[in-house]
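In: Sequence plus predicted model, see below.
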Amino acid sequence: MILDTIKFKEPGTFEDTRFEKVHTIIFQESKEPSVLVANEIASLIRAKEAKNEVCVLGLATGSSPIGVYQELVRQHKEEGLSFLNVVTFNLDEYYPMERSNLQSYHYFMHDHLFNHVDILPENINIPDGTISTENLKVYCIDYENKIKALGGLDFQLLGIGRTGHIGFNEPGSHLNSRTRSITLDHITRVDAAPDFLGIDNVPRKAITMGIGTVMDAKRIVLLGWGNNKAGILQETIEGSISSEVPATYLQEHTNTTFILDEGASSELTRVKTPWIVSTCGWDDKLKLKAVVWLSGLLGKSILKLTDSDYNNNGMAELLNQEGSAYDLNIKMFNKLQHTITGWPGGKPNSDDSRRPERAIPEKKRVIIFSPHPDDDVISMGGTFDRLIAQGHDVHVAYQTSGNIAVSDEEALKFSEITLSLCKDCEVSDQIINFINSKNDDEIDLDILRKLKGDIRRSESKAATRYLGLSDENVHFLDLPFYETGTVKKNSLNQKDIDIMVALINEVKPHQIYAAGDLSDPHGTHKTCLDALFGAIDELKKEDYMNDCWVWLYRGAWHEWETYQIDMAVPMSPDQVLRKRRAIFYHQSQKDGVMFQGNDSREFWVRAEDRNRLTADRYSDLGLADYAAIEAFKRYVF
């Protein structure tokens with residue numbers, strides 16, 4: 001669903017808020033805007049074709065434009081969109097980098113777009129990561145001149161990095177910079193580390209179009225998806241122009257649109273604090289958000305907020321509607337109080353009108369869906385433990401094998417142990433020889449992937465046994481979309497959804513817990529959540545689904561904001577230790593975990609810090625002071 005108009009408006013006429021300095025459109029999710037951007041590109045291609053003109057496109061890589069490329073491919077195959085009059089120039093490439101490398105942007109572009117449309121090979125321009133150092137400067141000048149010779153870029157598609165880079169124009173890049181070699185920022189390399197299976201494998205340099213090259217484009221569209229981009233996008237859209245945030249230069253372009261999803265827009269003033277911007281429609285959700293924000297801003301508990309606190313911070317309208325700070329404070333305090341429960345499956349024989357879960361049925365059938373074989377204990381280990389202890393019929397389903405996150409060193413260790421016990425074990429010999437001779441970009445043998453998956457299975461069972469769960473209630477789904485042997489996964493398909501449907505039909509749960517974290521660095525959480533939503537769509541007419549509630553937890557990357565929480569499960573210090581021990585059974589993920597993201601802490605430390613911070617936030621708002629809290633948001637289908 002679109003939340004704003006996508007129609008371009010002249011600068012000075014589009015601002016919904018005085019804070020924004022770039023035309024910005026917000027959608028609920030990324031699928032629809034990706035199609036709309038593809039439609040704009042397709043219309044431009046056809047318009048140029050009708051005039052017998054070349055259409056010159058500047059293209060980006062990364063996860064943000066994939067949906068656009070998918071739609072362009074679909075239109076080529078199903079609607080006859082031709083690329084014969086298209087010339088493309090990619091923004092950047094790692095340096096040095098072989099074209100055949102799975103991590104190269106040359107490979108990315110051919111895999112996602114060029115191999116599937118009728119563009120002429122000679123019309124594809126991607127910076128060459130194999131050019132010699134001696135020839136690099138001349139090569140960059142030639143690349144720039146080729147763009148100019150075609151009259152410049154008609155359309156430039158952009159993503160944005162957490163440093164504020166566009167292309168690989170890192171902080172410090174000049175407005176007039178052109179195509180050149182550049183040293184990558186450490187944060188950029190950290191963000192790329194999952195694709196390269198570790199930061200040590202990420203190149204330190206790249207070739208990139210310059211800011212000046214991008215700014216010469218006749219039309220620019222920047223895509224931003226996910227919470228992890230929210231901070232830098234707020235700075236880019238609302239901040240001052242600075243070389244330290246190169247994307248801010250786009251504020252001076254006369255035909256630029258930023259297209260964001262809800263997560264990426266979450267730090268914008270009109271989203272985070274809309275009452276500062278304009279008149280609001282004050283529903284209960286917005287009231288709670290405003291009160292929690294004001295409490296945090298002033299460092300006061302909710303019940304201590306005064307009329308003047310509201311009036312002085314843009315909420316006089318809310319106060320007029322509610323009557324007084326006293327009445328509003330009590331209403332919002334009680335709303336938060338009612339989210340707290342030590343009975344995540346519902347408290348038996350009690351009044352549940354002010355509790356987040358139902359009292360009946362007293363013993364519930366529960367499925368905990370875990371995208372990787374450790375998300376269950378990392379994100380909701382305390383709640384998992386509580387559900388088992390309180391006698392519910394708990395099932396845990398690991399949606400993917402997680403095999404790619406097991407290092408070769410870990411697999412080598414297990415193979416060597418096996419070989420020491422069985423001297424004639426040919427499989428172990430085969431694995432050891434493969435690992436010792438493996439190239440950096442080589443895909444694992446099937447037998448090695450199985451071993452890595454088995455390592456994670458054994459760790460998962462050890463953790464669930466520690467929590468007291470029977471092995472027969474542990475399910476390994478191995479969804480096919482994940483099983484590629486590479487960081488890049490396949491698209492979700494019906495086979496994945498069918499596997500989910502089968503388990504839900506078998507258990508007929510009263511509760512489903514699932515990872516609602518869409519900021520996962522390599523997208524597995526989102527695909528697993530989409531698989532669940534697809535299964536629910538097929539099953540929601542079943543009678544038992546009328547009595548099934550879905551609770552979403554967050555992964556290791558972000559927690560729900562306090563005002564978003566529908567159920568808060570507190571943990572005592574002893575329960576925090578039990579959760580830690582359960583996480584420790586995932587030994588292959590404990591030290592030097594492969595997909596760490598931008599946070600150097602181990603997952604168990606992140607989990608404890610996050611749960612402690614959630615408890616502290618509740619305490620600061622004037623609620624009970626707990627050691628830790630796990631948070632959940634209800635998804636209503």
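Out: That came through fine.
In: Three-state assignment for the closest residue to residue 27 other than its chain neighbours, please.
Out: Using CB to CB, 6 or more residues apart in numbering and skipping residues adjacent in sequence, the residue nearest residue 27 is residue 33, 4.6 Å away. Quick note: C-beta positions are derived from backbone N, CA and C, even for glycine. Residue 33 falls in the helix class when you classify it by DSSP: H, G, I helix; E, B strand; the rest coil.
In: any weak-confidence spans in the stretch 1-150 of the chain?
Out: 1-17 (pLDDT under 70).
In: same question, the stretch 351-500 of the chain
Out: Using pLDDT under 70, the stretch 351-500 of the chain drops low at 440.
In: can you pull out the helices in it?
Out: 375-389, 408-421, 426-437, 446-466, 494-507 (DSSP state H, counting those that start in this stretch).
In: Quick check: residue 378 vs residue 585, distance?
Out: Distance, residue 378 to residue 585, using CB to CB, to the nearest Å: 11 Å.
In: And for residue 413?
Out: 16 Å.
In: Tell me which of these two has more neighbours.
Out: Taking other CB atoms under 10 Å, residue 413 and residue 585 do not tie; residue 585 has more neighbours (20 against 13).
In: so the more buried one makes contact with residue 457?
Out: No - contact criterion CB atoms under 8 Å: residue 585 and residue 457 do not qualify, at 11.8 Å.
In: how many other residues sit next to residue 282?
Out: Residue 282 has 16 nearby residues by other CB under 10 Å.
In: confidence score at it?
Out: Note on residue 282: pLDDT of 94.
In: Report the buried residues of stretch 21-29.
Out: 21, 22, 23, 24, 25, 26, 27 (16 or more other CB atoms under 10 Å).
In: Span of that stretch from start to end?
Out: Start and end residues of stretch 21-29 are separated by 22 Å (CA to CA, to the nearest Å).
In: what's the angle from the longest strand anywhere in the chain to helix 375-389?
Out: Assignment by DSSP state E gives strand 628-635 as the longest strand of the chain. Going by axes from the mean of the first three to the mean of the last three CA atoms, to 10 degrees, strand 628-635 is angled at 100 degrees with respect to helix 375-389.
In: and strand 628-635, how far from the chain's centre?
Out: 18 Å (CA atoms, centre = their mean, to the nearest Å).
In: who's in contact with that strand?
Out: 340, 344, 356, 379-383, 513-514, 516, 549-554, 559-560, 564-571, 575-576, 608, 611-612, 614-615, 618 (CB atoms under 8 Å, 6 or more residues apart in numbering).
In: Going along the chain, name the strands of the stretch 501-637 of the chain.
Out: 511-515, 549-553, 567-571, 628-635 (DSSP state E, counting those that start in this stretch).
In: Rebuild those as a markdown table, extending it with mean pLDDT.
Out: Below are the strands of the stretch 501-637 of the chain laid out as a markdown table (pLDDT from 0 to 100):
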| stretch | mean pLDDT |
| --- | --- |
| strand 511-515 | 97 |
| strand 549-553 | 98 |
| strand 567-571 | 98 |
| strand 628-635 | 97 |
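In: can you list those in a markdown table and add distance to residue 193 and mean neighbour count?
Out: Compiled in a markdown table, the strands of the stretch 501-637 of the chain are given as follows (distance: least, CB to CB, whole Å; neighbours: other CB atoms under 10 Å):
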| stretch | distance to residue 193 | mean neighbour count |
| --- | --- | --- |
| strand 511-515 | 21 | 25 |
| strand 549-553 | 25 | 22 |
| strand 567-571 | 31 | 24 |
| strand 628-635 | 28 | 22 |
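In: Generate CSV for these, with distance to residue 533 as supplementary columns.
Out: As requested, those are exported to CSV (distance: least, CB to CB, whole Å):
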stretch, distance to residue 533
strand 511-515, 9
strand 549-553, 9
strand 567-571, 20
strand 628-635, 8
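In: between those, which one is nearest to residue 443?
Out: Nearest of the strands of the stretch 501-637 of the chain to residue 443, taken as CB to CB: strand 511-515 at 26.3 Å.
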